[in-house]
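[1] pasted the sequence and its predicted model underneath.
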Amino acid sequence: RQAAMIPLLDLAQRQHGGWLPLAAMDKVAQICHVAPVRVYEVASFYTMFNRTPVGKYFMQVCGTTPCMICGSEEIMQTIQNHLGIKNG
């Protein structure tokens, strides 16, 4: 049942407009027969899960050291300049 946690979180996020409210995570915990804190841990670990509402358009750029070495900071700067937006 725990193996179903990530697919259920993904489904719940899709059903709630791109983010996971606490009630949805609690329901996933109930279905998977695990403590709610285990679901919160999974939802906070994976960047694909949003625990707060997001805007209409949601972009993510990798910020890890390997990505920085490959130019992610320059990509971020180009996106910000081209779209006239800022991080956050």
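    Perfect, thanks for sending it.
[2] please point out which parts of stretch 26-45 sit buried.
    28-29, 32, 34, 39-40, 42-43 (16 or more other CB atoms under 10 Å). C-beta here means a position set from N, CA and C on the backbone, and glycine is covered the same way.
[3] equivalent analysis for stretch 73-86, please.
    In stretch 73-86, counting by 16+ other CB under 10 Å, buried: residue 76.
[4] roughly how far out does it sit from the chain middle?
    Centroid separation for stretch 73-86 versus its chain: 21 Å, with CA atoms, centre = their mean, to the nearest Å.
[5] what does it contact?
    59, 61, 87 (CB atoms under 8 Å, 6 or more residues apart in numbering).
[6] tell me the contacts of the last one?
    Under the criterion of CB under 8 Å, 6+ apart, the neighbours of residue 87 are 76, 80.
[7] before we move on, back to that, redo the buried residues of stretch 26-45 as CSV? Include secondary structure.
    Shown next, in CSV, are the buried residues of stretch 26-45 (DSSP: H, G, I helix; E, B strand; the rest coil):
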residue, secondary structure
28, helix
29, helix
32, helix
34, coil
39, helix
40, helix
42, helix
43, helix
